[in-house]
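Colleague: generate a structure from the sequence data that follows.
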Amino acid sequence: MNGQLMNCLNHRLQDPQVKWRLVLTTLLCGLVLTACKRQPNATPPPPPEVATVTVTRQQILLTTELPGRTSPYRIAEIRPQVNGLILKRLFTEGADVKEGQELYQIDPAPFQAALDNAKAALGRVEANLPAVKSRANRYKEALADKAVSQQDFDDANAALNQSEADINYYKAMVETARINLNYAHVVSPISGRIGTSTVTDGAIVTAYQPVALATIQQLDPIYVDVPQSTSELLALQRRLEDGRLTSKGTNANKVLLILADGTKYPLEGTLQFRDVSVDPSTATVILRMVFPNPKGVLLPGMFVRAVVQEGLNAQAIMIPQQAVARDPKGNPTALIVDAAGKVEQRKLSLDRAIDDQWLVASGLAPGDRVIAEGMQKVQPGVAVKEVAFDGGSKQESKPVIPPQTASSSK
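Modeller: Prediction:
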């Protein structure tokens, strides 16, 4: 039986296909055994590569951008001060007018007549004064000689006093008539741009009527009123008190303006004052700024954004925005490389975004190496290989106001 089995096996081995299958099976088994023997001695993969930024302190000028609206520097509503008929309008609607320029001519005839009447009455009482005064003087001398009674003298003296009072009265009447005559010429109290006229030639107007004849607005300079929340104001005061901000060495009252289309207004303004009361409906205080407006670019009621200087932060820490991540609770975090070359996670407190960087309030110290690129490939505790971050030169904050008014250094 065994002989027959061996003969059959020898017969099968003579088949070329069986020989090749046997050879291939032997080679595969050898490769598998070789790979299994070499597995414990395989070369470990290299550490992941990350780009880092070294944290340094720098001096930056902090600003706040607040929305607001423009309003006229001065505004005057033109109303008549006497009753009368408008003879002529003497200005062009929408034009610039000067202080003292005549705007309307009210019919002066009634006021001229009143002035002439008052002058005539004054002249009449002044003509009687010498005679009354002479009589009073004679009665005074006669009284000393007992030639007249005391009553006669008192009557003469009273007549003199009444004549002098009448003269003062009619002088006031003359002055009143002259003032009313002048009021027939309606003039501009300020220089500015005048709007539309609500009356035309031939209209009847009354003194101090509720409807203004026209409105003049002074546009150069012009106000910008900006609301600031009380929380922002209190936070700024705390930073100044804590020494994190200083206004020394800065033009603290200088303000820049961004127009509604995003362009920068070419002229600087000045912060004039902060309002002393809080609007209870919005919990804001009003900041009033003054801007020169020689070309009339700014018009009343325009929406603008004001860039207000807060102060200098001489110990600011800035990192690229891409270096900051958020944990599941939304808190900002950053990955740093420690002294051993391993990744460590830090929780941060952020102040604000400035251009493409974050201003860090706490969580980092000078010398920390923050991972700016490659965060997706690592996790805390993993050893990494560091390379310089290509954007590391951007760590110096771009000033948010023009260089001539900003100070920024590493």
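
Colleague: now the helices for the chain?
Modeller: Counting by DSSP state H, the chain forms helices over residues 2-13, 16-38, 109-144, 150-183, 230-242, given from the N-terminal end onward.

Colleague: what does the model give residue 405 for pLDDT?
Modeller: Turning to residue 405, the model gives it a pLDDT of 37.

Colleague: before we move on, what about residue 56?
Modeller: Here, the pLDDT recorded for residue 56 equals 90.

Colleague: phi, psi of the closest residue to it other than its chain neighbours?
Modeller: Excluding its sequence neighbours, the residue lying closest to residue 56 (Cβ to Cβ, 6 or more residues apart in numbering) is residue 366, at 5.7 Å. Quick note: C-beta positions are derived from backbone N, CA and C, even for glycine. Residue 366 adopts backbone torsions of phi -60, psi 140, taken as degrees, to the nearest 10.

Colleague: and residue 366, how many neighbours?
Modeller: As a burial measure, the neighbour count of residue 366 was computed by other Cβ atoms under 10 Å and equals 10.

Colleague: from residue 57, how far off is it?
Modeller: Look at residue 366 and residue 57: by Cβ to Cβ, to the nearest Å, they are 6 Å apart.

Colleague: joint contacts of those two?
Modeller: Here residue 366 and residue 57 have residue 317 as joint contacts, going by Cβ atoms under 8 Å, 6 or more residues apart in numbering.

Colleague: ok, now which ones touch the residue nearest to residue 108 when sequence neighbours are not counted?
Modeller: Computed as Cβ to Cβ, 6+ apart, the closest residue to residue 108 that is not its neighbour in sequence is residue 184, at 4.2 Å. Contacts for residue 184 (Cβ under 8 Å, 6+ apart) come out as 82, 84, 105-108, 111.

Colleague: from residue 169, how far off is residue 184?
Modeller: 24 Å.

Colleague: contacts only, for the residue nearest to residue 56.
Modeller: With contacts defined as Cβ under 8 Å, 6+ apart, the neighbours of residue 366 are 55-57, 317.

Colleague: filter those residues down to the buried ones, ChimeraX style.
Modeller: Command for ChimeraX that selects the buried part of the contacts of residue 366, burial taken from 16 or more other Cβ atoms under 10 Å:
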select :55,317
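
Colleague: got the contact list for residue 82?
Modeller: Contacts of residue 82 by Cβ under 8 Å, 6+ apart are 106, 111, 180, 183-184, 207.

Colleague: buried ones among those residues?
Modeller: Buried members of the contacts of residue 82, scored by 16+ other Cβ under 10 Å, are 106, 111, 180, 183-184.
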